[in-house]
Every structure is written in C-alpha cells, then in structure tokens.
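J.: Got a sequence here, can you model it:
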Amino acid sequence: VLVKKNVHLETVKWNDLFTQRYCNNIKETTMKYFLPFKINYKYTIVNCWCHKNNSEHFAYNGQLWKYLIMNSQNIDENTIFIGDFNANAIWDSADCWWNMSNNNEILNEHGLFSCYHSVSKEEFGKESEPTFFLYRHKDKPYHIDYAYVALKNQLHFKILNDNIYLKYSDHFPIVVDIRE
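T.: Coordinates of the predicted model:
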C-alpha cells in the first residue's frame with residue numbers, strides 16, 4: 001500500500017476465519033488475501049485478491065462471500081472494497097449462492113456500489129471496458145476488478161487502460177477518488 005505524505009494509515013483486524021455457525025457442512029475456514037486498513041481515521045479500505053485458496057467449494061467468489069458474511073458488522077458507508085475479485089456475472093451459476101451477483105447484492109445492502117457500474121450505467125456481465133486480459137492476450141478481455149464505495153463518497157473512477165501496464169501485469173489499474 002502506497003500513500004502520500006501526511007496521510008495516516010493504520011491496520012485494522014477483521015475476521016479472517018469462517019466459522020461453522022453459518023453452514024455446518026463447510027469444512028474450509030480460511031479466507032486469504034484480504035487486507036483491511038484505515039486511512040485518515042475515516043475510511044476502511046479492504047484490498048481484495050479473491051482466488052482459489054485450495055478450496056473445493058469456496059474458490060474466488062466464495063472467498064469474498066465468506067469474508068462479507070463474517071465481517072458484516074464491520075462494513076459501513078466508509079468502507080471501500082477494491083481489488084481483483086476474479087469474478088464477473090457472466091460466470092454466475094444459478095445454483096450457487098456465492099456468485100458475483102450475490103456478492104454485489106450483499107455489498108449493495110451495505111450501501112456500497114461498484115464505481116464502474118455507477119459511472120458507466122452498464123449491467124453486470126455486459127461491461128464494455130475490461131480490467132484484465134487472460135494471459136495478457138488482448139483478444140481475451142474480462143472485467144474482474146472492482147471498487148465498491150458508498151455513492152456519496154465517490155468522486156471519480158477510472159480504469160487506466162493504457163497498454164503499457166500489460167508489460168507488468170495482466171490487469172489494468174483502477175483508480176477511485178473519494179471525498180476527504
């Protein structure tokens with residue numbers, strides 16, 4: 001995490017274990033690669049990298065779903081979820097209750113909305129701007145990176161879609177400006 005001078009940054013402890021009280025048959029308890037921190041005593045930013053986590057049932061979307069369930073009491077209008085969700089509504093499965101559309105609904109219930117979709121007015125699964133190129137191939141574009149912010153806190157959103165970034169990553173950076 002990089003910050004400007006005169007910006008206060010502090011770590012915060014959120015739950016990173018999924019307990020059985022929600023689903024008795026779930027044996028996988030870990031939730032990896034969520035980094036919550038507070039900036040300027042106001043905003044809690046949760047940097048996300050949703051991945052398989054060697055999980056038979058709760059890979060990618062399931063990791064975020066578990067994290068949202070276990071940390072629901074911590075989420076408020078000053079929370080920002082941002083990062084690589086590795087998900088898109090085009091891959092949603094109707095018989096799965098932890099797909100991208102479900103996670104979007106949970107975040108919306110907390111008053112947090114996808115910055116991209118708030119600005120573009122596009123439907124989930126029909127994004128015209130990719131954030132990721134599978135194997136860095138320009139013919140395999142997907143929108144899998146998100147920033148979720150309360151609408152009153154969002155000032156500006158942009159995907160830095162310059163091909164120069166593909167030299168360093170298969171993702172384009174996303175930038176969101178928020179109110180101070």
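
J.: Buried ones in stretch 167-180, by neighbour count?
T.: Using 16 or more other Cβ atoms under 10 Å as the burial criterion, the residues of stretch 167-180 that qualify are 170, 171, 172, 174, 176, 178. Where you see a C-beta, it was placed from the backbone N, CA and C, and this is true even at glycine.

J.: from the residues you listed, which single one is nearest residue 44?
T.: Residue 44 has its nearest neighbour among the buried residues of stretch 167-180 in residue 178, at 11.8 Å by Cβ to Cβ.

J.: what about residue 146, which helix or strand?
T.: Under the criterion of DSSP states H and E, residue 146 resides in strand 145-149.

J.: For the protein, which residues score under the pLDDT cut-off?
T.: Within the chain, the ranges that satisfy pLDDT under 70 run 1-2, 17-29.

J.: roughly how far apart are the residue lying closest to residue 41 once chain neighbours are set aside and residue 157?
T.: Nearest non-adjacent residue to residue 41, counting by Cβ to Cβ, 6 or more residues apart in numbering: residue 8, 6.2 Å away. Going from residue 8 to residue 157 by Cβ to Cβ, to the nearest Å gives 24 Å.

J.: neighbour count winner among these two?
T.: With neighbours defined as other Cβ atoms under 10 Å, residue 8 and residue 157 compare such that residue 157 has more, 19 against 10.

J.: Name every strand pairing with whatever helix or strand that one lives in and say which way it goes.
T.: Assigned by DSSP H and E, residue 157 belongs to strand 154-159. Paired neighbours of strand 154-159 in the sheet (DSSP bridges): strand 174-178 (antiparallel).

J.: contacting residues around the strand it pairs with?
T.: Strand 174-178 has contacts (Cβ atoms under 8 Å, 6 or more residues apart in numbering) with 43, 80, 82, 115-116, 131, 145-147, 149, 153-160.

J.: out of the residues you listed, which are buried?
T.: Among those, the ones that count as buried by 16+ other Cβ under 10 Å are 43, 80, 82, 115-116, 131, 145-147, 149, 153-154, 157, 159.

J.: Out of the residues you listed, which is nearest to residue 64?
T.: Nearest to residue 64 among the buried ones among the contacts of strand 174-178: residue 146, at 9.8 Å, using Cβ to Cβ.
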